[in-house]
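Q: my questions concern the predicted model and sequence given below.
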Amino acid sequence: MEEGITEDEMGRKFIYSDTGVNVFVKFKDNLIVDPDDPLIARQARTWRYSKGIVKGLSYLGSENSEDAMTWNVFKTLEKSNPESWFSEIFPQIILDKDEQFIDPMLRFWEKYFPPMFRSFPEKETHVDLTIETSNKLIFIEAKYKADISKNTTHDPNRDQIIRNIDVGSWAAKKRAKEFYFILLTLKTNTYSIDKLNYYKSNPSNIIEKIGSYRKDIKDYVTLCENIDVIYCDQILNFLQNMQSAKKTELTFTNLIDYLNDKIF
């Protein structure tokens with residue numbers, strides 16, 4: 001075996017990064033669903049380590065990869081009827097009575113551009129997961145072992161949550177849809193949770209950050225109400241209850257085992 005490469009009990013080869021994180025040599029070994037999908041292959045090629053002993057390997061191979069977790073959870077759920085899981089996973093998002101939700105559009109790592117009136121330069125935002133219905137645009141930001149970014153490249157006062165709120169509400173406005181932002185995280189990521197609650201608790205906290213150029217936002221109260229957090233263990237508990245009650249023809253055993261390993 002090559003120097004620096006270790007093999008686990010399942011025969012998967014990995015390397016310990018300089019920070020002590022396991023990185024699979026083959027990123028597919030970190031996936032439990034659709035490892036040959038062209039979309040996940042493109043994401044693997046795009047985001048690679050640029051230095052250290054793991055240089056050249058895909059970030060998707062990291063045991064701490066949020067992209068891998070997002071894919072494993074929602075690509076698995078996507079194979080089941082959304083009527084069986086959407087309201088349980090996102091109880092805070094109430095679907096309209098006549099809203100069509102037969103085939104929701106789930107898009108991984110979609111690119112969105114900042115509002116045109118923003119003065120600070122900013123590249124496009126890659127959203128972990130976008131769910132779009134006929135009336136709603138939902139941004140989901142997944143955080144696993146790391147908290148949100150506290151600033152952007154060009155703006156030390158623009159954290160990752162307000163960036164998503166700003167960019168997402170702008171994109172929703174152009175589509176004439178209602179915007180929601182969901183932070184998916186562990187309960188141990190207290191900084192991220194506190195920051196989200198800071199924005200959710202008071203419209204003026206959002207207005208302070210984006211109000212100077214977002215004249216199109218007329219209802220900051222609703223915007224605050226549409227910001228929320230869900231925890232990975234909530235998804236795990238739902239899947240366990242759903243499977244034990246045999247409410248689906250699909251088996252979620254692989255995903256349940258995966259989340260158990262990641263959370264505990």
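A: Cool, got the structure. Numbers count the residues shown, from 1 in each chain.
Q: CA only for contacts and neighbour counts going forward, please
A: Will do.
Q: ranges for the helices of this structure?
A: Assigned by DSSP state H, the chain shows helices spanning 38-46, 66-78, 86-89, 160-175, 190-201, 203-210, 220-225, 232-244, 253-263.
Q: which stretches of the stretch 51-200 of the chain form strands?
A: All strands of the stretch 51-200 of the chain, identified by DSSP state E, counting those that start in this stretch, fall at 105-112, 125-132, 136-142, 178-185.
Q: so which of those comes closest to residue 214?
A: strand 178-185 (14.6 Å; C-alpha to C-alpha).
Q: can you spell out which helices and strands pack onto that closest one?
A: Applying 3 or more C-alpha pairs under 8 Å, 6 or more residues apart in numbering; DSSP states H and E, we find strand 178-185 packed against strand 136-142, helix 160-175, strand 227-231.
Q: partners of it, with directions?
A: strand 136-142 (parallel), strand 227-231 (parallel) (DSSP bridges).
Q: show me what counts as buried in stretch 35-52.
A: 35, 40, 43-44, 48 (16 or more other C-alpha atoms under 10 Å).
Q: show the average pLDDT along that stretch.
A: On average, the pLDDT along stretch 35-52 is 97.
Q: and the contacts of stretch 124-140?
A: 67, 70, 99-101, 104-114, 141-142, 164, 167-168, 172, 176-184 (C-alpha atoms under 8 Å, 6 or more residues apart in numbering).
Q: from one end of it to the other, what's the distance?
A: 16 Å (C-alpha to C-alpha, to the nearest Å).
Q: what residues sit buried inside it?
A: For stretch 124-140, a neighbour-count test (16+ other C-alpha under 10 Å) marks 125, 127-130, 132-140 as buried.
Q: so which of those residues comes closest to residue 77?
A: If you rank these by distance to residue 77 using C-alpha to C-alpha, residue 129 comes first, at 12.7 Å.
Q: if you rank every helix and strand of this structure by mean pLDDT, what lands last?
A: Least confident helix or strand of the chain, by mean pLDDT, DSSP states H and E, is helix 86-89 with a mean of 90.
Q: I would like the residues contacting that one, please.
A: Residues from elsewhere that reach helix 86-89 (C-alpha under 8 Å, 6+ apart): 93-94, 230, 234-235, 238.
Q: if you set the cut-off to 7 Å instead, what comes out?
A: residue 235 (C-alpha atoms under 7 Å, 6 or more residues apart in numbering).
Q: if we can go back for a sec, nearest to residue 59, of the helices of the chain?
A: Residue 59 lies closest, by C-alpha to C-alpha, to one member of the helices of the chain: helix 38-46, at 6.9 Å.
Q: gap between that closest one and the chain center?
A: How far helix 38-46 lies from its chain's middle: 16 Å, per C-alpha atoms, centre = their mean, to the nearest Å.
Q: okay, now the unreliable bits of the protein?
A: Regions of the chain meeting the criterion pLDDT under 70 cover residues 1-3, 97-103, 247-250.
Q: and if we set it to 50?
A: Residue ranges of the chain with pLDDT under 50: 1.
Q: got the domain boundaries for it?
A: The chain breaks down by automatic domain parsing into domains covering 5-63, 70-233.
Q: would you reformat the ones you listed as a markdown table and include distance to residue 253?
A: Formatted as a markdown table, these follow (distance: least, C-alpha to C-alpha, whole Å):
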| stretch | distance to residue 253 |
| --- | --- |
| domain 5-63 | 11 |
| domain 70-233 | 11 |
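Q: relative to residue 256, which of those is closest?
A: Among the domains of the chain, domain 70-233 sits nearest to residue 256 (C-alpha to C-alpha), with 9.4 Å.
Q: specify the beta-bridge partners of residue 139.
A: Following DSSP bridges, residue 139 is listed with bridge partners residue 130, residue 181.
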